[in-house]
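> for reference, the sequence and a predicted model appear below.
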Amino acid sequence: NRLKRIEGQVRGVQKMIEENRYCIDVLVQISAINAALKKVGLTMLEQHTHHCVADAIQTGNGKESIEELMKVIEQFTKS
């Protein structure tokens, strides 16, 4: 559902640009989209950590899973 809302927001921004809406209004919407995408990403990171990483640790493959998670977190947190 969250991604569908984001999709709708993106379509709205596209329409705003086509209608030559005020730049600040468009930028505010883009900022909202970025925040929503970040929230989706954080939710996915949390779920991955609780399930995949936890399972890997319990089965003895935690080191590789943690290294992979850290790389993704580094990439995710880049501006």
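The structure has been received and is ready for your questions.
> what's the per-residue pLDDT of T43 here?
Note on T43: pLDDT of 95.
> now do the SS call for the residue sitting furthest away from the middle of the chain.
Each residue of the chain has a distance to the centre, and by C-alpha atoms, centre = their mean the biggest one is for G60: 28.8 Å. Assigned with DSSP: H, G, I helix; E, B strand; the rest coil, G60 falls in the coil class.
> ok, F76 touching M44?
No - the pair F76 / M44 is not scored as a contact, 9.3 Å apart, by C-beta atoms under 8 Å. Every residue, glycine included, has its C-beta placed from N, CA and C.
> next, give phi and psi for the residue farthest from the centre of the chain.
phi 90, psi 10 (degrees, to the nearest 10).
> any idea which element N20 lies in?
Using DSSP states H and E, N20 is not contained in any helix or strand.
> and it, what is it in contact with?
Counting by C-beta atoms under 8 Å, 6 or more residues apart in numbering, N20 touches no other residue.
> on the pLDDT front, check it for me.
On the pLDDT scale, N20 gets 97.
> same thing with F76?
So F76 comes in at 87 (pLDDT).
> report the contact partners of it.
G41, L45.
> elements contacting the longest helix along the chain?
When the chain is parsed with DSSP state H, its longest helix is helix 23-48. With contacts taken as 3 or more C-beta pairs under 8 Å, 6 or more residues apart in numbering; DSSP states H and E, helix 23-48 sits against helix 2-18, helix 62-77.
> kindly export the last one (C-alpha atoms) in CSV.
If I follow you right, that is helix 62-77. Extracted in CSV, the C-alpha atoms of helix 62-77 (Å, rounded to 0.1, in the frame of the first residue of the first chain):
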residue,chain,number,x,y,z
GLY,A,62,25.9,-14.7,10.7
LYS,A,63,29.2,-13.2,9.7
GLU,A,64,28.4,-13.1,6.0
SER,A,65,24.9,-11.9,6.6
ILE,A,66,26.0,-9.1,8.9
GLU,A,67,28.7,-8.0,6.4
GLU,A,68,26.1,-7.9,3.6
LEU,A,69,23.7,-6.0,5.9
MET,A,70,26.4,-3.4,6.7
LYS,A,71,27.1,-2.9,3.0
VAL,A,72,23.4,-2.3,2.4
ILE,A,73,23.1,0.1,5.3
GLU,A,74,26.1,2.0,4.1
GLN,A,75,24.6,2.3,0.6
PHE,A,76,21.2,3.1,2.0
THR,A,77,22.5,5.9,4.2
